[in-house]
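Colleague: The following comprises the amino acid sequence and a computationally predicted model.
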Amino acid sequence: MKFPFVGDVKSETETEKIAQEFARLLKPGDVIGLTGELGSGKTFFVKAACKTFGIMNVSSPSFAIVNIYNGIEKINHFDFFRIKKIEELFDIGFDEYIDENSITFIEWSEMFPELMPTKYYQINIVFINNDNRKITISKNE
């Protein structure tokens, strides 16, 4: 996969293929920001990527703020959607999750861009219609 990557997908199967190909590039310490409107497929993308690490129990962390999964790699899965103030993230120790021992996915990362590290991947999913999405993946270094 070369960056920036742009893919027009017409099914969940195509999205899974892209997510799993992307996941094979990831290593502990990587941070991935995901943006896209509600229902565009951010959690589905994370779920598909996590299968690559043997993790099958992925769910949206909307109410919990963060879910932690253990598989071949440790995965932190954040959802900033319900966060009103950055202090809420510091209260749960957000900065301690971003480390060299885990891969971190952050849905709605655009809400607090100042929390993103210098180096990270950015995934944008644009909802075209019920079956079609445009997925853009870039690498910020």
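Modeller: Right, received. Where do you want to start?

Colleague: How confident was the prediction at residue 1?
Modeller: At residue 1, the pLDDT value in this model is 89.

Colleague: Am I right that it is in contact with residue 25?
Modeller: Yes. The criterion here is Cβ atoms under 8 Å, and residue 1 meets it with residue 25 at 6.4 Å. For the C-beta atoms, the positions are set from N, CA and C on the backbone; glycine is no exception.

Colleague: pLDDT on the longest helix along the chain, on average?
Modeller: The helix that spans the most residues within the chain, counting by DSSP state H, is helix 12-23. Here helix 12-23 scores 96 as its mean pLDDT.

Colleague: and it, what does it pack onto?
Modeller: If you count contacts as 3 or more Cβ pairs under 8 Å, 6 or more residues apart in numbering; DSSP states H and E, helix 12-23 packs onto strand 5-9, helix 42-51, strand 133-140.

Colleague: Please identify the most buried of these.
Modeller: Among the helices and strands packed on helix 12-23, the stretch with the highest mean neighbour count (mean count of other Cβ atoms under 10 Å) is helix 42-51, at a mean of 22.

Colleague: which residue is nearest the centroid of the chain?
Modeller: residue 105 (3.5 Å; Cα atoms, centre = their mean).
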